[in-house]
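In: Predicted model, plus sequence, below.
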Amino acid sequence: MLNRMSAKKGFFYKNGLSLTFVTLFLIALIGQAYFGWMENNGHLQESGYPSIALLEYLKTGHFISATFENFQSEFLQMSLYVILTVSLRQIGSAESKSLDKMEEVDREPDPHKNDAPKPVKKGGWRLFLYKRSLSIAFVLLFVLSWSGHLYGSFKEYNLDQKINNKAQIDLMDYLIKPKFWFESFQNWQSEFISVAAIIVLTIFLRQKGSPESKPVDAAHMETGK
């Protein structure tokens, strides 16, 4: 019955959450690229260098570093959140599993279920990886983003060295410079405090209709959604 009702819904209704956030992401990325391009050209002009075109700017360390600096902190946050919520609990939080009972997500997968994903039916190493695929995906995205941030920040650092008539350095030397780690930690700490905020605030506060909140009439110490 529910499947028939769902089939009658439109494409946006069934995908509205992802489509909205992808649209907001693209708008923000375009805005970042445009205003970053203007800021970078201002810096170049002040240093006696000619302005560059927008498409050329997208290949600069300034754009690459800023973009992946944000990506890597988000993916670090999500990978740790997915991994740590497997075993850690927070009494009263909607973001925690129950303190004293097994959750649906803890049960072993049933390979005989008709609509089970293929890795579940195949079993073996496929199932082993699939059972951990969400955390693996986020960890890989973090590593790729961290690498992109390092590459972009390194390029931007050497450009500044060139502009200021100073010696450029190689990547390994740059890794021990404080600039890259300052950029990383200032983003990581903001992600960690935002996760801590939603974990703690959902103990006492509610949002009717949101799956990230407990029911409005739930007791403060009721744990889980």
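Out: Here it is on my side, so go on. Numbers count the residues shown, from 1 in each chain.
In: Leaving out sequence neighbours, find the closest residue to Ser79.
Out: In this structure, Ser79 finds its nearest non-sequential neighbour in Phe138, 3.6 Å apart by C-beta to C-beta, 6 or more residues apart in numbering. (Each C-beta comes from the backbone N, C-alpha and C, glycine too.)
In: Heading C-terminal from whichever strand or helix holds that neighbour, find the next helix or strand.
Out: Using DSSP states H and E, Phe138 maps to helix 133-163. Scanning forward in sequence from helix 133-163 by DSSP H and E, the next helix or strand is helix 171-175.
In: tell me what that next one is packed against?
Out: Where contact means 3 or more C-beta pairs under 8 Å, 6 or more residues apart in numbering; DSSP states H and E, helix 171-175 is packed against helix 133-163.
In: hang on, the earlier thing: and the helix holding Phe138, what's buried?
Out: 135, 138-139, 141-142, 145-146, 148-150, 152-160 (16 or more other C-beta atoms under 10 Å).
In: doesn't Ser47 make contact with Ile163?
Out: Yes: if you go by C-beta atoms under 8 Å, Ile163 and Ser47 touch, sitting 4.6 Å apart.
In: Any stretches of the protein with poor pLDDT?
Out: Within the chain, the stretches with pLDDT under 70 are 1-8.
In: can you give me the helices for it?
Out: Remark: helices assigned in the chain by DSSP state H are 2-7, 11-46, 54-57, 61-87, 118-122, 124-130, 133-163, 171-175, 178-204.
In: Of all these, which one is nearest Lys97?
Out: Of all the helices of the chain, it is helix 61-87 that lies closest to Lys97, at 6.9 Å by C-beta to C-beta.
In: And the closest residue to Phe180 other than its chain neighbours, how far from Ala28?
Out: Counting by C-beta to C-beta, 6+ apart, Phe180 lies nearest to Ser153, which is 5.0 Å off, once chain neighbours are set aside. To Ala28, Ser153 is 20 Å away according to C-beta to C-beta, to the nearest Å.
In: got a list of what Arg94 touches?
Out: Careful, residue 94 is Ala and not Arg. 202-203, 212-214, 224-225 (C-beta atoms under 8 Å, 6 or more residues apart in numbering).
In: Just the buried residues of those residues.
Out: In the contacts of Ala94, the ones that pass as buried (16+ other C-beta under 10 Å) are 202-203, 213-214, 224-225.
In: Need the max-distance pair from those residues.
Out: Ile203 and Lys225 (12.5 Å).
In: Which one of the buried ones among the contacts of Ala94 is nearest to Lys101?
Out: For the buried ones among the contacts of Ala94, the residue nearest Lys101 by C-beta to C-beta is Gly224; the value is 9.2 Å.
In: ok, that closest one - contacts?
Out: Gly224 neighbours (C-beta under 8 Å, 6+ apart): 93-94, 96-98, 103, 214.
In: can you name the two of the residues you listed that are farthest apart?
Out: So, those by C-beta to C-beta: farthest apart are Glu103 and Lys214, at 14.9 Å.
In: How many neighbouring residues does Glu46 have?
Out: Using other C-beta atoms under 10 Å, Glu46 is surrounded by 9 other residues.
In: And Lys225, how far from Lys97?
Out: 10 Å.
In: before we move on, back to that, which ones among the contacts of Gly224 map onto strands?
Out: Assigned to strands by DSSP state E, none of the contacts of Gly224 qualify.
In: Could you double-check that Ala33 lies in contact with Tyr57?
Out: Yes: with contacts counted by C-beta under 8 Å, Ala33 reaches Tyr57, the gap being 7.3 Å.
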